[in-house]
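Build me a structure from this.
(one chain, ligands or ions: 1)
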Amino acid sequence: MGEFDDRVALVTGGASGIGWATCLAFAERGARVAVADIDEPGGRTTVEQIEALGGEARFFAVDVTDEMQVRAMVDEVIGHFGGLHMAYNNAGVEGQRVRLHETTTDHWRKVMSVNVDGIFFCMKYELAHMVEHGGGSIVNASSTFGLAGGAGGPYPASKHAVVGLTKSVALDYAEDGIRANSVHPGAIETPMIERLRIDPVLGEALAGMHPMGRMGLPEEVAEAVVWLCSDAASFVTGHTMVIDGGNLAR
Ligand code: NAD
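This next block holds a predicted model:
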(Lines give C-alpha, C1' and ligand atoms only; values in the text may rest on other atoms or scores of the structure.)
Protein backbone atom coordinates (compact mmCIF):
# COMPACT_ATOMS: atom_id res chain seq x y z
CA MET A 1 0.00 0.00 0.00
CA GLY A 2 1.30 3.45 -0.93
CA GLU A 3 0.41 6.39 1.29
CA PHE A 4 -1.53 8.08 -1.58
CA ASP A 5 -3.25 4.94 -2.94
CA ASP A 6 -6.74 6.46 -2.90
CA ARG A 7 -5.73 9.94 -3.96
CA VAL A 8 -5.48 11.99 -7.12
CA ALA A 9 -2.66 14.53 -7.55
CA LEU A 10 -2.60 17.33 -10.12
CA VAL A 11 0.74 18.88 -11.08
CA THR A 12 0.96 21.85 -13.47
CA GLY A 13 4.24 22.19 -15.32
CA GLY A 14 4.55 18.40 -15.03
CA ALA A 15 6.49 18.09 -18.30
CA SER A 16 9.79 19.38 -16.96
CA GLY A 17 12.09 19.98 -14.02
CA ILE A 18 10.58 20.20 -10.55
CA GLY A 19 7.05 19.43 -11.79
CA TRP A 20 8.31 16.30 -13.58
CA ALA A 21 10.09 15.07 -10.43
CA THR A 22 6.99 15.76 -8.34
CA CYS A 23 4.75 13.78 -10.70
CA LEU A 24 7.05 10.78 -10.27
CA ALA A 25 7.23 11.23 -6.49
CA PHE A 26 3.42 11.29 -6.20
CA ALA A 27 3.14 8.22 -8.44
CA GLU A 28 5.78 6.30 -6.45
CA ARG A 29 3.56 6.73 -3.39
CA GLY A 30 0.50 5.39 -5.17
CA ALA A 31 -1.28 8.55 -6.30
CA ARG A 32 -3.00 8.72 -9.66
CA VAL A 33 -1.34 11.69 -11.33
CA ALA A 34 -2.75 14.37 -13.62
CA VAL A 35 0.20 15.79 -15.56
CA ALA A 36 -0.83 19.24 -16.83
CA ASP A 37 1.35 21.37 -19.07
CA ILE A 38 1.43 23.58 -22.16
CA ASP A 39 4.19 21.23 -23.46
CA GLU A 40 2.29 18.21 -24.78
CA PRO A 41 5.23 15.98 -25.86
CA GLY A 42 7.01 16.60 -22.56
CA GLY A 43 3.88 15.92 -20.53
CA ARG A 44 3.18 12.71 -22.41
CA THR A 45 6.75 11.57 -21.71
CA THR A 46 6.17 12.08 -17.97
CA VAL A 47 3.00 9.96 -18.24
CA GLU A 48 4.90 7.20 -20.06
CA GLN A 49 7.60 7.21 -17.38
CA ILE A 50 4.99 6.85 -14.63
CA GLU A 51 3.26 4.03 -16.51
CA ALA A 52 6.60 2.27 -17.03
CA LEU A 53 6.98 2.27 -13.24
CA GLY A 54 3.53 0.68 -12.86
CA GLY A 55 1.74 3.89 -11.91
CA GLU A 56 -1.34 5.60 -13.31
CA ALA A 57 -1.22 9.01 -14.97
CA ARG A 58 -2.82 11.04 -17.74
CA PHE A 59 -1.76 14.14 -19.63
CA PHE A 60 -3.96 17.27 -19.69
CA ALA A 61 -3.03 20.11 -22.06
CA VAL A 62 -3.39 23.55 -20.51
CA ASP A 63 -2.08 27.07 -20.73
CA VAL A 64 -2.43 28.24 -17.12
CA THR A 65 -2.72 31.88 -18.23
CA ASP A 66 -6.13 31.12 -19.79
CA GLU A 67 -8.86 30.86 -17.17
CA MET A 68 -11.24 28.86 -19.35
CA GLN A 69 -8.51 26.34 -20.21
CA VAL A 70 -7.70 25.94 -16.51
CA ARG A 71 -11.36 25.47 -15.64
CA ALA A 72 -11.76 22.85 -18.39
CA MET A 73 -8.55 21.10 -17.34
CA VAL A 74 -9.61 20.81 -13.67
CA ASP A 75 -13.06 19.55 -14.77
CA GLU A 76 -11.44 16.95 -17.04
CA VAL A 77 -9.08 15.78 -14.29
CA ILE A 78 -12.00 15.30 -11.90
CA GLY A 79 -14.12 13.69 -14.63
CA HIS A 80 -11.36 11.24 -15.52
CA PHE A 81 -10.08 10.30 -12.06
CA GLY A 82 -13.28 10.89 -10.07
CA GLY A 83 -11.74 13.39 -7.64
CA LEU A 84 -8.90 15.73 -6.77
CA HIS A 85 -7.12 15.58 -3.43
CA MET A 86 -3.71 17.19 -3.94
CA ALA A 87 -2.53 19.94 -6.28
CA TYR A 88 0.93 21.31 -6.95
CA ASN A 89 0.58 24.56 -8.89
CA ASN A 90 4.09 24.63 -10.27
CA ALA A 91 3.97 25.96 -13.85
CA GLY A 92 6.13 29.06 -14.01
CA VAL A 93 8.53 31.06 -16.13
CA GLU A 94 11.79 32.79 -15.31
CA GLY A 95 12.16 36.51 -15.70
CA GLN A 96 14.91 38.34 -17.51
CA ARG A 97 17.60 39.55 -15.16
CA VAL A 98 17.35 43.24 -15.96
CA ARG A 99 16.74 46.18 -13.69
CA LEU A 100 13.21 47.50 -13.36
CA HIS A 101 13.67 50.57 -15.57
CA GLU A 102 14.80 48.22 -18.37
CA THR A 103 11.85 45.84 -17.96
CA THR A 104 9.31 46.00 -20.77
CA THR A 105 5.64 46.01 -19.97
CA ASP A 106 5.18 42.96 -22.20
CA HIS A 107 7.74 41.03 -20.18
CA TRP A 108 6.14 42.13 -16.90
CA ARG A 109 2.72 40.93 -18.08
CA LYS A 110 4.05 37.61 -19.38
CA VAL A 111 5.77 36.70 -16.10
CA MET A 112 2.86 37.86 -13.94
CA SER A 113 0.31 36.05 -16.11
CA VAL A 114 2.01 32.65 -15.80
CA ASN A 115 3.38 32.93 -12.26
CA VAL A 116 0.48 34.77 -10.58
CA ASP A 117 -2.67 34.59 -12.74
CA GLY A 118 -1.90 30.91 -13.37
CA ILE A 119 -1.84 30.13 -9.66
CA PHE A 120 -4.99 32.17 -9.06
CA PHE A 121 -6.89 30.34 -11.82
CA CYS A 122 -5.67 26.90 -10.72
CA MET A 123 -6.51 27.45 -7.06
CA LYS A 124 -9.90 28.94 -7.94
CA TYR A 125 -11.11 25.76 -9.64
CA GLU A 126 -9.25 23.31 -7.40
CA LEU A 127 -10.75 24.94 -4.31
CA ALA A 128 -14.26 24.89 -5.76
CA HIS A 129 -14.01 21.11 -5.92
CA MET A 130 -12.19 20.63 -2.61
CA VAL A 131 -14.70 22.74 -0.67
CA GLU A 132 -17.53 20.51 -1.90
CA HIS A 133 -15.68 17.23 -1.42
CA GLY A 134 -14.21 17.19 2.06
CA GLY A 135 -10.94 19.09 1.67
CA GLY A 136 -7.55 18.68 0.09
CA SER A 137 -4.02 19.99 0.03
CA ILE A 138 -2.54 22.64 -2.27
CA VAL A 139 1.11 23.57 -2.71
CA ASN A 140 2.15 26.57 -4.80
CA ALA A 141 5.52 27.18 -6.44
CA SER A 142 7.25 30.27 -5.16
CA SER A 143 11.03 30.71 -4.83
CA THR A 144 13.64 32.13 -2.48
CA PHE A 145 12.84 35.21 -4.60
CA GLY A 146 9.37 35.06 -3.03
CA LEU A 147 10.94 35.90 0.34
CA ALA A 148 13.82 38.17 -0.66
CA GLY A 149 14.52 40.61 -3.48
CA GLY A 150 16.81 40.04 -6.44
CA ALA A 151 16.74 38.45 -9.89
CA GLY A 152 15.52 41.68 -11.49
CA GLY A 153 12.20 42.76 -12.93
CA PRO A 154 8.92 40.95 -12.32
CA TYR A 155 10.08 37.50 -11.18
CA PRO A 156 10.50 38.32 -7.45
CA ALA A 157 7.28 40.35 -7.50
CA SER A 158 5.43 37.37 -8.97
CA LYS A 159 6.88 34.96 -6.42
CA HIS A 160 6.08 37.31 -3.49
CA ALA A 161 2.49 37.45 -4.79
CA VAL A 162 2.31 33.66 -4.54
CA VAL A 163 3.03 33.92 -0.80
CA GLY A 164 0.17 36.37 -0.23
CA LEU A 165 -2.23 34.27 -2.27
CA THR A 166 -1.23 31.07 -0.48
CA LYS A 167 -1.45 32.49 3.04
CA SER A 168 -4.85 34.04 2.35
CA VAL A 169 -6.19 30.74 1.03
CA ALA A 170 -4.72 28.92 4.04
CA LEU A 171 -6.70 31.19 6.36
CA ASP A 172 -9.92 31.36 4.32
CA TYR A 173 -10.16 27.58 3.86
CA ALA A 174 -8.69 26.27 7.14
CA GLU A 175 -12.14 25.21 8.36
CA ASP A 176 -12.90 23.44 5.08
CA GLY A 177 -10.16 20.85 5.62
CA ILE A 178 -8.00 22.45 2.94
CA ARG A 179 -4.34 23.21 3.56
CA ALA A 180 -2.32 25.58 1.36
CA ASN A 181 1.45 25.99 1.52
CA SER A 182 4.20 27.37 -0.71
CA VAL A 183 7.65 26.01 -1.55
CA HIS A 184 10.67 28.27 -1.99
CA PRO A 185 13.48 26.53 -3.84
CA GLY A 186 16.92 28.02 -4.33
CA ALA A 187 18.67 27.27 -7.64
CA ILE A 188 17.56 23.80 -8.73
CA GLU A 189 19.08 21.90 -11.66
CA THR A 190 16.28 22.07 -14.23
CA PRO A 191 15.89 23.29 -17.81
CA MET A 192 14.88 26.69 -16.39
CA ILE A 193 18.24 27.06 -14.65
CA GLU A 194 20.05 25.78 -17.74
CA ARG A 195 18.48 28.64 -19.72
CA LEU A 196 19.62 31.18 -17.10
CA ARG A 197 23.13 29.74 -16.95
CA ILE A 198 23.76 30.76 -20.57
CA ASP A 199 24.62 34.16 -19.06
CA PRO A 200 28.16 33.47 -17.70
CA VAL A 201 27.93 36.06 -14.90
CA LEU A 202 24.60 34.69 -13.72
CA GLY A 203 25.82 31.09 -14.13
CA GLU A 204 28.71 31.73 -11.74
CA ALA A 205 26.45 33.52 -9.25
CA LEU A 206 23.95 30.65 -9.25
CA ALA A 207 26.64 28.03 -8.67
CA GLY A 208 28.05 29.93 -5.70
CA MET A 209 24.85 31.06 -4.02
CA HIS A 210 24.26 28.08 -1.72
CA PRO A 211 26.23 27.46 1.48
CA MET A 212 26.07 23.72 0.66
CA GLY A 213 28.23 24.45 -2.39
CA ARG A 214 25.94 22.91 -4.98
CA MET A 215 22.58 23.45 -6.61
CA GLY A 216 19.52 21.53 -5.53
CA LEU A 217 17.95 18.65 -7.43
CA PRO A 218 14.33 18.63 -8.59
CA GLU A 219 13.77 15.49 -6.50
CA GLU A 220 14.72 17.43 -3.35
CA VAL A 221 11.90 19.91 -3.98
CA ALA A 222 9.50 17.10 -4.93
CA GLU A 223 10.07 15.46 -1.54
CA ALA A 224 9.04 18.68 0.22
CA VAL A 225 5.91 19.04 -1.92
CA VAL A 226 4.87 15.46 -1.32
CA TRP A 227 5.41 15.83 2.43
CA LEU A 228 3.33 19.02 2.54
CA CYS A 229 0.52 17.18 0.74
CA SER A 230 0.70 14.15 3.03
CA ASP A 231 -1.11 13.42 6.28
CA ALA A 232 2.25 13.83 8.05
CA ALA A 233 1.76 17.58 7.49
CA SER A 234 -1.84 17.59 8.75
CA PHE A 235 -1.33 20.68 10.99
CA VAL A 236 0.80 22.60 8.47
CA THR A 237 -0.91 25.36 6.50
CA GLY A 238 0.13 28.83 5.39
CA HIS A 239 3.74 27.70 5.62
CA THR A 240 6.58 29.00 3.42
CA MET A 241 8.94 26.03 3.07
CA VAL A 242 12.46 26.98 2.01
CA ILE A 243 14.55 24.39 0.12
CA ASP A 244 17.75 26.27 -0.66
CA GLY A 245 20.84 24.60 0.80
CA GLY A 246 20.96 27.28 3.51
CA ASN A 247 21.03 30.35 1.26
CA LEU A 248 18.38 32.37 3.11
CA ALA A 249 19.88 31.45 6.49
CA ARG A 250 22.68 33.94 5.92
P1 NAD B 1 11.02 24.32 -16.08
O2 NAD B 1 11.12 25.41 -17.09
O3 NAD B 1 11.96 23.18 -16.13
O4 NAD B 1 9.53 23.73 -16.08
C5 NAD B 1 8.42 24.61 -16.08
C6 NAD B 1 7.24 23.89 -16.70
O7 NAD B 1 6.13 24.79 -16.71
C8 NAD B 1 7.50 23.48 -18.16
O9 NAD B 1 7.11 22.15 -18.37
C10 NAD B 1 6.64 24.44 -18.96
O11 NAD B 1 6.16 23.91 -20.20
C12 NAD B 1 5.50 24.70 -17.97
N13 NAD B 1 4.79 25.95 -18.29
C14 NAD B 1 5.34 27.16 -18.52
N15 NAD B 1 4.38 28.04 -18.85
C16 NAD B 1 3.20 27.37 -18.80
C17 NAD B 1 1.85 27.74 -19.04
N18 NAD B 1 1.52 28.99 -19.41
N19 NAD B 1 0.89 26.81 -18.90
C20 NAD B 1 1.21 25.53 -18.54
N21 NAD B 1 2.47 25.12 -18.32
C22 NAD B 1 3.45 26.04 -18.45
O23 NAD B 1 11.10 25.05 -14.67
P24 NAD B 1 11.45 24.51 -13.19
O25 NAD B 1 12.80 24.96 -12.87
O26 NAD B 1 11.06 23.10 -13.03
O27 NAD B 1 10.46 25.45 -12.35
C28 NAD B 1 9.21 25.01 -11.84
C29 NAD B 1 8.68 26.06 -10.87
O30 NAD B 1 9.61 26.22 -9.80
C31 NAD B 1 8.50 27.45 -11.49
O32 NAD B 1 7.34 28.05 -10.96
C33 NAD B 1 9.75 28.19 -11.04
O34 NAD B 1 9.56 29.59 -11.01
C35 NAD B 1 9.97 27.59 -9.67
N36 NAD B 1 11.34 27.70 -9.20
C37 NAD B 1 12.36 27.12 -9.91
C38 NAD B 1 13.66 27.23 -9.42
C39 NAD B 1 14.85 26.63 -10.12
O40 NAD B 1 15.98 26.95 -9.75
N41 NAD B 1 14.68 25.76 -11.10
C42 NAD B 1 13.91 27.95 -8.24
C43 NAD B 1 12.84 28.51 -7.57
C44 NAD B 1 11.57 28.38 -8.05
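
In the protein, where's the longest strand?
For the chain, the strand with the greatest residue count under DSSP state E is strand 178-185.

Can you tell me the strand partners of that strand and which way each runs?
Paired neighbours of strand 178-185 in the sheet (DSSP bridges): strand 136-141 (parallel), strand 240-243 (parallel).

Tell me the residues of this protein that contact the ligand?
Contact residues (C-beta under 6 Å from any ligand atom) of the chain with the ligand: 12-13, 15-19, 37-39, 42, 62-65, 90-93, 114, 141, 143, 185, 187-188, 190-193. Where C-beta positions appear, they are placed from N, C-alpha and C, glycine not excepted.

which residues in this protein form helices?
Along the chain, the stretches classed as helices by DSSP state H are 17-28, 40-52, 67-81, 105-112, 118-132, 154-172, 191-197, 200-207, 218-229.

one step back: from the strands paired with strand 178-185, which stretch is densest packed?
Most buried of those by mean neighbour count (mean count of other C-beta atoms under 10 Å) is strand 136-141; its value is a mean of 26.

residues in contact with that one?
Residues external to strand 136-141 that are found in contact with it (C-beta atoms under 8 Å, 6 or more residues apart in numbering): 13, 18, 84-92, 119, 123, 126-127, 129-130, 162, 165-166, 169, 177-183, 185, 225, 228-230, 233.

Quick check: ChimeraX command selecting the buried ones in the residues you listed.
If you want just the buried ones from the contacts of strand 136-141 in ChimeraX, going by 16 or more other C-beta atoms under 10 Å, the selection is:
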select :13,18,84,85,86,87,88,89,90,91,92,119,123,126,127,129,130,162,165,166,169,178,179,180,181,182,183,185,225,228,229,230,233
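
Report the central residue of the chain.
Among the residues of the chain, Asn90 comes closest to the average C-alpha position under C-alpha atoms, centre = their mean, at 1.9 Å.

Who are the contact partners of that one?
For Asn90, the set of contacting residues under the criterion of C-beta under 8 Å, 6+ apart consists of Val11, Thr12, Gly13, Gly14, Ile18, Gly19, Thr22, Ala141, Val225.

Try it again at 6 Å.
Thr12, Gly13, Gly19, Ala141 (C-beta atoms under 6 Å, 6 or more residues apart in numbering).

From Asn181, how far off is the last one?
Same thing as Ala141. Here the distance between Ala141 and Asn181 works out to 11 Å (C-beta to C-beta, to the nearest Å).

neighbours around Ala249, how many?
8 (other C-beta atoms under 10 Å).

oh sorry, the question was meant for Val131
A count of nearby residues for Val131, using other C-beta under 10 Å, gives 14.

Is it correct that it is in contact with Gly177?
No. Val131 is not in contact with Gly177 according to C-beta atoms under 6 Å; the separation is 8.9 Å.
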